Every structure is written in C-alpha cells, then in structure tokens.
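K.L.:
Prediction below, plus the sequence it came from.
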Amino acid sequence: MDNALEEAARPLWSRLRPTMYSDVLKGDLVMHMDRPVFVFGSDLAGRHDKGAALEALRNRGANYGQGSGLQGNSYAIPTKDESLCSLPLATIAARVETFICFAKTRPWLLFELAPADFGLAEYKPDDIAPMFERAPHNVTLPQVFKDVLRA
C-alpha cells in the first residue's frame, strides 16, 4: 500500500504529532480540562460585557479585546462588529464554519455552545441553529438548537 494511503487510513488521533497533545496540556486549558470549552457569541472588538461573553471573561479565561477564537477555556464566535451592530448571517456562518473545523481537528476536547449571545445579536435560534448542523460529536448544542434542527 502506498505510504500516503496508509497514513490516511490510520485514525486521526494516531496521526497527531506528540506536541499537539502537549500544547493542550501546557496552555490555559489545563486549569479547566474537567469542563468543556465554552463557546460563546462575541463582538469583533472583544468587549465581553454581557451574557455568555461576560461569563467567559469571568470564569473561562476569555481575553478582553479578543473577539474570536480560542482563549483560555472558551471560544468566541463573532456575531457583532466593532460598533456592536449585528454581523450579516453569511459572515456569522463563515465564523461558525471556522469553529466547526477547529472542533473537528480537536476530537479530544469537548465544546459546549451557549445560545444566549446569539440573541444579543438580534437573531433567533431558527437563524443560527442550521449553521451548526455539521457540528462534530464533541460539540454539545443547546436544547433550543437541537429542537430547531429536528424540526
């Protein structure tokens, strides 16, 4: 069998470089590995002043001023711009897709999505839930999103 095919046939976890595991253990995640990574809606300026964003700032290691991506034991998905105006749904969908790719490449982590901040962005679960339809098994969706996806 060709080496490239053999490599592709091996399970993902066995193909990871050892440093990927040690990077997880060296970072801020070590403090909270007993809890899932808290996924919340944010603004691009990273002003975590309300709702789930404030929870992430206070208790999950979110960085004030960082509006997207992994931070501490949390992951920010921008739903508002720097002026606190709601981002277009297509822009949010692209950021959700980035998150989904991130979660798929880290099957050893669990992610828990907080729905509250999507309401602060003036969107309803019917608007946002379909964006998470392709979320991997390690992402826990809120019940309201599950209900929308089942309908």
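P.N.:
Looks like it arrived, so ask away. Numbers count the residues shown, from 1 in each chain.

K.L.:
what's the weakest-modelled helix or strand in this protein?
P.N.:
Least confident helix or strand, the chain: helix 18-26 with a mean of 39, by mean pLDDT, DSSP states H and E.

K.L.:
Just after the helix or strand hosting E97, pick out the following helix or strand.
P.N.:
Secondary structure assignment for E97, by DSSP states H and E: helix 89-104. Secondary structure here is assigned by DSSP H and E; on that basis, the next helix or strand after helix 89-104 toward the C-terminus is strand 111-113.

K.L.:
picking up where we left off before, pull the residues that contact the helix holding E97.
P.N.:
Residues outside helix 89-104 that contact it (Cβ atoms under 8 Å, 6 or more residues apart in numbering) are 39, 68-70, 75, 77-79, 87, 109, 111, 121, 123, 127-128, 131-132, 134-136, 138-139. Every C-beta, even on glycine, is put in place using the N, C-alpha and C of the backbone.

K.L.:
shaky segments in this structure?
P.N.:
Applying pLDDT under 70 to the chain flags the ranges 1-34, 116-121.

K.L.:
Which residue ranges of it form strands?
P.N.:
Counting by DSSP state E, the chain has these strands, from start to end: 37-43, 69-71, 74-80, 111-113, 139-140.

K.L.:
Would you format those as TSV with mean neighbour count included?
P.N.:
Written out in TSV, the entries for these read as follows (neighbours: other Cβ atoms under 10 Å):
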stretch	mean neighbour count
strand 37-43	27
strand 69-71	20
strand 74-80	26
strand 111-113	21
strand 139-140	18
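
K.L.:
right, and those - which one's nearest K50?
P.N.:
Distance to K50, taken as Cβ to Cβ, is lowest for strand 37-43 among those, at 9.8 Å.

K.L.:
Summarise which helices and strands that closest one is packed against.
P.N.:
Counting contacts by 3 or more Cβ pairs under 8 Å, 6 or more residues apart in numbering; DSSP states H and E, the secondary-structure elements packed against strand 37-43 are helix 51-59, strand 74-80, strand 111-113, helix 116-120.
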